[in-house]
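K.L.:
pasting the sequence and the predicted model now:
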Amino acid sequence: MPALSTPLRDDLRRAGYYPDLVGEVLEVALADEDVTAHLVHPETTFDGAEVRRHVTVLALTATRLVVAHVDDHPADSEHPSASAQATTEAVPLRELRSVAFTHVVNDPQSHRAGDGASELTLAIGWGAVSRVDLEPASCGDPQCDADHGLSGSITPDDVVVRVSAAAEGREAVRAALQFGRTLSAATSHR
């Protein structure tokens, strides 16, 4: 992975999830641009008895946000060997519409400046993917049984990274916050 910075290469190796594959797809998407900030977020999920691994890498350059996501696909009756699927997307900074933070703070009455969050969700939107949440609409009359259709909201959902101090450690939460701050600042200049 010669084109990747040493800190990014080290974080890929520390994540332990196909670092050479992830580095290779990142290099293609970066197209020789230097990375100014990055976040590597490995995640393990459980689907019944099956353990699935993923990694999401956010790499900021002077002009773009490069997102890489790699998933495991276990062997099954149609595919005799396991595989991985790697997807990258490069988004010009001028196209980013939002950088949103959700901070979860345990015991908020005891929180002091600088304590940090116990969990952080970083949501980045550029309009490619949205989530639609619908619910039955009502008129406010508790006796009414008429169908008032649906009401709902559309939320940008291009990339969401959730980091928890309990699962990944406080340093991972701080790293996600720092990357988000750097990205947010970069979008203000476009």
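P.N.:
Noted; the coordinates are in hand. Numbering: from 1, shown residues only.
K.L.:
show the model's pLDDT score for the residue lying farthest from the centre of the chain.
P.N.:
Here the centre of the chain is the reference, and by Cα atoms, centre = their mean the most remote residue is residue 143, at 43.8 Å. Looking at residue 143, its pLDDT reads 87.
K.L.:
one more: residue 129?
P.N.:
Residue 129 is given a pLDDT of 68.
K.L.:
can you check residue 81 too?
P.N.:
Looking at residue 81, the pLDDT reads 87.
K.L.:
before we move on, what SS does the spatially most central residue of the chain have?
P.N.:
The centre of the chain sits closest to residue 161, judged by Cα atoms, centre = their mean, with a distance of 2.9 Å. On the three-state scheme (DSSP: H, G, I helix; E, B strand; the rest coil), residue 161 is labelled strand.
K.L.:
what of residue 86?
P.N.:
Assigned state for residue 86: strand (three-state reduction, three-state DSSP).
K.L.:
wait, isn't it in contact with residue 67?
P.N.:
No - counting by Cβ atoms under 8 Å, residue 86 stays clear of residue 67, with 11.3 Å between them. (Each C-beta comes from the backbone N, C-alpha and C, glycine too.)
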